[in-house]
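Enquirer: give the three-dimensional model of this entry:
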Amino acid sequence: MDDEEPLQYFTPVVQTHPVTQVNMATVGDDLNDDEEEEQTKTSKGGLKGSPPAKFNGDRKAAKQFINDFRAYRFLNRKNETMKVVANWVALALTFIKGEQVQDWANGIMDLMEEQLESRLNPMEETNEYHWTSFKDAFRDTFTNTLEQEDANNQLQNLKMTDGDLDKFITHFNHLVIISGRKDEMRGLVPLFKEGLPFGLAQACMNRERWPQTIRQWQEAARDKHK
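Expert: Numbering: from 1, shown residues only. As a prediction, the model looks like this:
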């Protein structure tokens with residue numbers, strides 16, 4: 001028995017894998033990162049939506065072009081490009097192509113550059129005047145003048161009928177947009193007043209505070225027509 005080797009005991013080794021701890025506070029961070037990346041692309045990258053069709057000087061397409069660009073600009077209002085008013089004009093000009101309109105587009109761009117780079121009185125690139133000036137020049141040049149004249153004629157003769165004030169106001173405002181009129185105090189207010197029934201117009205004028213603008217006249221008419 002003394003010559004026998006002593007028994008040896010082996011402790012089995014159990015292979016263990018490190019436990020991965022999940023920080024629940026970070027769950028969903030990837031999704032947020034994706035959303036942030038998408039927002040960054042929207043604000044600094046390409047523009048979304050369908051751009052307006054190229055405008056080549058066709059008067060029949062002028063109003064549609066302005067409306068389409070307005071929707072396109074609104075859709076991309078958070079994009080860095082659209083935060084600068086002068087960029088609206090420059091972008092719109094990229095959609096105005098053709099022999100008949102190229103000189104006009106170049107003239108608009110030259111004028112805006114002069115305003116921005118003037119040594120005496122430079123205009124801020126965020127000034128709304130850039131866009132207002134562009135729209136006015138575009139409409140004066142390309143809008144169908146016959147359509148404007150027809151809208152003006154309808155305004156001269158428009159009357160409220162069947163006691164439907166809302167219909168009258170809606171039609172009146174629509175014609176104002178088409179006609180391109182801005183003479184609110186001297187021109188549009190008298191037309192609106194004359195289109196109302198005599199009693200309703202008198203009631204509006206008998207208010208403690210006489211309405212001055214089109215908006216005030218329409219609010220007064222609605223108030224007295226209840």
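Enquirer: next one: phi and psi at the residue minimising distance to the centre of the chain?
Expert: For the chain, the residue whose C-alpha lies nearest the mean C-alpha position (CA atoms, centre = their mean) is F74; its distance is 3.4 Å. Reported as degrees, to the nearest 10, the phi and psi values for F74 are phi -60, psi -40.
Enquirer: how about R119?
Expert: Dihedral pair for R119: phi -80, psi -30, per degrees, to the nearest 10.
Enquirer: kindly report the same for the one 10 residues further on.
Expert: As for Y129, its main-chain torsions (degrees, to the nearest 10) stand at phi -60, psi -30.
Enquirer: with adjacent residues omitted, what lies nearest to K54?
Expert: Leaving aside its chain neighbours, K54 sits nearest to K97 (5.0 Å; criterion: CB to CB, 6 or more residues apart in numbering). Yep, even glycine has a C-beta here, placed from its N, CA and C like the rest.
Enquirer: distance of that neighbour relative to A105?
Expert: 8 Å (CB to CB, to the nearest Å).
Enquirer: between the two, who's got more neighbours?
Expert: Neighbours were counted for K97 and for A105 using other CB atoms under 10 Å; A105 has more, 19 against 14.
Enquirer: low-confidence stretches in the chain?
Expert: Confidence mapping of the chain against pLDDT under 70 gives the ranges 1-45, 183-186.
Enquirer: domain parsing for it?
Expert: The chain breaks down into these structural domains: 56-142, 145-224 (assignment by automatic domain parsing).
Enquirer: ends of the last one, what's the gap?
Expert: Its start and end residues considered, domain 145-224 measures 36 Å (CA to CA, to the nearest Å).
Enquirer: phi, psi of F55?
Expert: Main-chain dihedrals, F55, degrees, to the nearest 10: phi -100, psi 130.
Enquirer: which residues touch it?
Expert: Taking CB atoms under 8 Å, 6 or more residues apart in numbering as the criterion, F55 is in contact with 61-62, 65, 95-98, 101, 142.
Enquirer: which ones among the residues you listed lie within helices?
Expert: Applying DSSP state H to these, the entries found in helices are 62, 65, 101, 142.
Enquirer: can you put those in a markdown table and add neighbour count?
Expert: Written out in a markdown table, the entries for the ones in helices among the contacts of F55 read as follows (neighbours: other CB atoms under 10 Å):
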| residue | neighbour count |
| --- | --- |
| A62 | 18 |
| F65 | 20 |
| V101 | 19 |
| F142 | 22 |
